[in-house]
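Enquirer: model this:
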Amino acid sequence: MRTQSITQVPTSRRGASGRVSCALCSGTAVLNLAAAALWLALGMTAIAADGAAESTTANSDWSNLTLEQLVNIQVTSVAKKQTDLFTSPAAVYVITQEDIRRSGLTSIPELLRMVPGLDVAQIDAHTWAISSRGFNDEFANKLLVLIDGRSVYTPLFSGVFWDVQDPMLEDVDRIEVIRGPGATMWGANAVNGVINIITKSAKDTQGWLVSGGGGNQDRGFGEFRYGGSRGDDLSYRLYGQYFDDADSKMLGGGDGRDSWQQGRGGFRVDWQPSRDTLLTVQGDAYVGTEGQVFSVPTLTPPYMQQLTRDTDFSGGDVLGRWTHTLADGSEIKLQTYYDKTVRDNAIIGDNLSTFDVDLQYDGHFGSRQEVVAGLGYRLEDEAIKNGPTIMFNPNHTDRQLFSGFVQDEVTLIPERLKLTLGTKLEHNDFTGFEVEPSGRISWTPTIHQTVWAAVSRAVRTPADYERNSRIEFQTIPPGGLYPGSPPALVTGEGDKPFNSEDVIAYELGYRVRPCERVSLDFATFYNYYSKLGTYTTATPVTETSPLTYLVVPETIGNDSSAQTYGLEAAGNWQMLDWWRWQATYTYLHVQLHVDDASTTLPELWPSQNPQQQFSLRSLMNLPHQIQFDATLHYVDRVGIGLGMSSTVLRVPQYFSLDLRLGWKPTKNVELSIVGQDLLNSEHLEFASSLQSQTTEVPRSVLGKVTWRF
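Expert: I've put the predicted structure just below:
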């Protein structure tokens, strides 16, 4: 694809489309003068007048898109069909393949720091706390994550094991992130957002790719991919990758004993036997290990014991998707997958098998209505190995989920005003039927402006631990509960009548392109949560074996509510043809309402989320195939509650700076060096409620070589 130039709008007139030129699109001479000074400071020579230098764009099509094309890219996660991002009635952010490549980052959680409205905090070398619009925690449970439409949610705690969500990043086409409820289309647990990781088709990954590198934290990694074809209608690819990450740093010094190794491989086949039919089959398998140090309570001094043992994990999945376009343009899609995950550590083991099938229809009714409807079925089989402090009864369960949804998009005024109404109906084995409706409206007064609003209801169905578990949190030494009291063991008790949490969400958004070189995206929201899961202290019970002690049960129930509101903003500025700026800002306020004075767990929810965050990225295409990119992050202070104790870890605000220098000496070879967290030798972001060590994110440097042939 040829790189397209970006023309400026004259500052002296208003275009017929209603766009007004802004200061950022004018003053070209001043910007070029500043650019010349910058190039001189960097010691760069000018590009030869005859244009002999090669294009600075990468092979990826994303690198050739203009700002206008990036703003108007197609997304599929909002309505389970292709829609324009600019006119979508939802808070959507897209991380493109070019964003991934030029970040120099090596994991999905690190990439998600780009997204406004997300709170991403690293706990140790392989563990993250990630949430959208509040309620962040190591076991955050209000965010649905999908890879090519396959849910990677675990019913163990209604969240995500981020350490095993590791697709080959070179094969990721884009990551679509919706902040706010997505339950009408995606079902329960899409409460505060949906992350859909979408990989490239096999047709777009032809030939060989070999990449490798290492640094002080990423001690070594390597990956390969081969894509081929059989005729014009069948394409395939195979891939494999491995990495070895070093220990993180303990707060106060020393290694965190949490090194991380993982190997993964997979395939994808796309077959188009006819013009109207596409069949996709893909699969992955992985195996790995990671160091962990757990804290478990004991009834004798020092009343806490450390268990050091590696966590072993493995898994695999296979997915099939059949898409058929009918003569009238309607589309039928059938998708099914099987997913197997196994984890085993010092305090619990989990063996989960998931089978899922979904049927979807997308059709037009008249010239002004488009209806998307579908049916789904999921079967989960889970076996849990009880440990010394976490016990489930029963420890083997089978669960079924039946679902159906319908969404109708009505064009009220062609190319100007659209109304979208829909609902999801699900039946689960825990709480029975759940109804999750939404209404959205999108108004496009000019081709350069979109105003949208939405009202939605979403639910989070109970996790395993909330229904049938006993978790030993901590021991209170003798005399700690009351004068003369024996040791007291604080436990969390699952409550079988536990109901679904729910949220009513109100959203308002505005997107605008005031001129050719600038795009802005704003979203604001107000959420009301009810029936939130909280622990309530019950009457202590005396036990006499193996010694006399008290059990202080904390029973989980739906005993609190909360309100959140906030603002999210993102902007793009193509300052010069070779220099782009990106910025994001997030403001979040969380207010908790506790129904029972003895409720304990969620008291720290408001403080565990930074009130303000912002990021600023600079992306520069310099002469001689050199790219220089910089990202500055700011995260506000937070307070982390350590387990069920009253101890609060204060995490100060911090800035982090990442730099990347890339060079393509030939068309098919790319070299890069990346420095992360360069402003700090290390910094604290979060803490685990189960592990005894508190670790910091260290400064790191990484070198990488990629060869395509």
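Enquirer: Contacts for stretch 269-288 next, please.
Expert: The contact list for stretch 269-288, computed with C-beta atoms under 8 Å, 6 or more residues apart in numbering, reads 148, 163-164, 166-167, 199, 201-203, 233-236, 260-268, 312-326. Any C-beta I mention is one placed from the backbone N, CA and C, and that applies to glycine too.
Enquirer: And the buried ones among those, selectable in ChimeraX?
Expert: Here is the ChimeraX command that selects the buried residues among the contacts of stretch 269-288 (16 or more other C-beta atoms under 10 Å):
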select :148,163,164,166,167,199,202,234,235,236,260,261,262,264,265,266,268,313,314,315,316,317,318,319,320,321,323,325
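Enquirer: So what's the residue count around residue 709?
Expert: When neighbours are counted by other C-beta atoms under 10 Å, residue 709 registers 8.
Enquirer: how about the helices of the protein, start to end?
Expert: 28-41, 67-71, 97-103, 108-111, 183-186, 464-468 (DSSP state H).
Enquirer: Out of the contacts of stretch 269-288, which sit inside strands?
Expert: 199, 234-236, 260-268, 312-325 (DSSP state E).
Enquirer: pLDDT below threshold where in this protein?
Expert: Residues of the chain meeting the criterion pLDDT under 70: 1-68, 595-606, 642-647, 691-692.
Enquirer: which of the residues in the longest strand along it are buried?
Expert: Scanning the chain for the strand with the most residues, using DSSP E, yields strand 549-576. Neighbour-count burial for strand 549-576 flags 549-562, 564-576 (criterion: 16+ other C-beta under 10 Å).
Enquirer: bridging residues for residue 563?
Expert: Note on residue 563: beta-bridge partners by DSSP bridges are residue 528, residue 591.
Enquirer: Quick check: it touching residue 526?
Expert: Yes: the criterion here is C-beta atoms under 8 Å, and residue 563 meets it with residue 526 at 7.3 Å.
Enquirer: any idea how far residue 80 is from the residue lying closest to residue 497 once chain neighbours are set aside?
Expert: Closest residue to residue 497 apart from its sequence neighbours, by C-beta to C-beta, 6 or more residues apart in numbering: residue 557 at 8.0 Å. The gap separating residue 557 from residue 80 is 35 Å, by C-beta to C-beta, to the nearest Å.
Enquirer: what about residue 410, how many neighbours?
Expert: Residue 410: 16 neighbours (other C-beta under 10 Å).
Enquirer: which residues sit in contact with the residue lying closest to it once chain neighbours are set aside?
Expert: Closest residue to residue 410 apart from its sequence neighbours, by C-beta to C-beta, 6+ apart: residue 419 at 4.8 Å. By C-beta under 8 Å, 6+ apart, the contact list for residue 419 reads 409-410, 412, 439-441.
Enquirer: same thing with residue 650?
Expert: 637, 639.
Enquirer: how about a cut-off of 7 Å?
Expert: Under the criterion of C-beta atoms under 7 Å, 6 or more residues apart in numbering, the contact partners of residue 650 comprise residue 639.
Enquirer: So what pairs up with it in the strands?
Expert: Where residue 650 sits in a bridge, its partners, by DSSP bridges, are residue 639.
Enquirer: mind listing the strands for the stretch 501-650 of the chain?
Expert: In the stretch 501-650 of the chain, strands defined by DSSP state E, counting those that start in this stretch lie at 501-515, 518-537, 541-543, 549-576, 579-594, 612-622, 626-635, 638-641, 648-651, listed in chain order.
Enquirer: and residue 101, which of the ones you listed is closest to it?
Expert: Ranking the strands of the stretch 501-650 of the chain by proximity to residue 101 (C-beta to C-beta) places strand 626-635 first, at 9.4 Å.
Enquirer: list the buried ones in the closest one?
Expert: 627-633, 635.
Enquirer: Please apply the same query to stretch 222-240.
Expert: 223-225, 227, 234-239.
Enquirer: Quickly check the residues you listed for the two that are furthest apart.
Expert: So, those by C-beta to C-beta: farthest apart are 223 and 234, at 24.0 Å.
Enquirer: Tell me where the stretch 51-200 of the chain has strands.
Expert: Using DSSP E, counting those that start in this stretch, the strands of the stretch 51-200 of the chain run over 74-75, 83-84, 91-96, 118-122, 128-132, 144-147, 150-151, 172-179, 193-199.
Enquirer: Quick one: closest of those to residue 707.
Expert: If we rank the strands of the stretch 51-200 of the chain by C-beta to C-beta, the stretch that ends up nearest is strand 172-179, at 19.0 Å.
Enquirer: for the closest one, packing partners?
Expert: strand 91-96, helix 97-103, strand 193-199 (3 or more C-beta pairs under 7 Å, 6 or more residues apart in numbering; DSSP states H and E).
Enquirer: Contacts for stretch 697-709 next, please.
Expert: Residues contacting stretch 697-709 (C-beta under 7 Å, 6+ apart): 59, 104, 122, 207-218, 248-249, 668-678, 680-683, 685.
Enquirer: just checking, which of the residues you listed belong to strands?
Expert: When the contacts of stretch 697-709 are checked against strands (DSSP E), the matches are 122, 207-215, 218, 249, 669-676, 682-683.
Enquirer: Of those residues, keep whichever come out buried.
Expert: Buried members of the ones in strands among the contacts of stretch 697-709, scored by 16+ other C-beta under 10 Å, are 122, 209, 211-215, 218, 249, 670, 672-676, 682-683.
Enquirer: Report the contact partners of residue 107.
Expert: residue 166.
Enquirer: State the distance from it to residue 539.
Expert: For residue 107 relative to residue 539 (C-beta to C-beta), the value is 46 Å.
Enquirer: Equivalent analysis for residue 390, please.
Expert: Counting by C-beta to C-beta, the separation of residue 390 from residue 539 is 23 Å.
Enquirer: ok, now residue 621?
Expert: With distances taken as C-beta to C-beta, residue 621 is found 68 Å from residue 539.
Enquirer: quick one: which of these two has more around it?
Expert: Neighbour totals were compared for residue 621 and residue 539, and residue 621 leads with 22 against 7 (other C-beta under 10 Å).
Enquirer: if I look at the more buried one, how far off is residue 662?
Expert: For residue 621, the distance to residue 662 - C-beta to C-beta - is 10 Å.
Enquirer: Now the common contact residues for the two.
Expert: residue 627.
Enquirer: got the contact list for residue 411?
Expert: So residue 411 contacts 368, 418 (C-beta under 7 Å, 6+ apart).
Enquirer: Let me have the strands of the stretch 501-650 of the chain in a markdown table, adding distance to residue 278 as columns.
Expert: Below are these laid out as a markdown table (distance: least, C-beta to C-beta, whole Å):
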| stretch | distance to residue 278 |
| --- | --- |
| strand 501-515 | 31 |
| strand 518-537 | 32 |
| strand 541-543 | 61 |
| strand 549-576 | 32 |
| strand 579-594 | 34 |
| strand 612-622 | 34 |
| strand 626-635 | 35 |
| strand 638-641 | 46 |
| strand 648-651 | 48 |
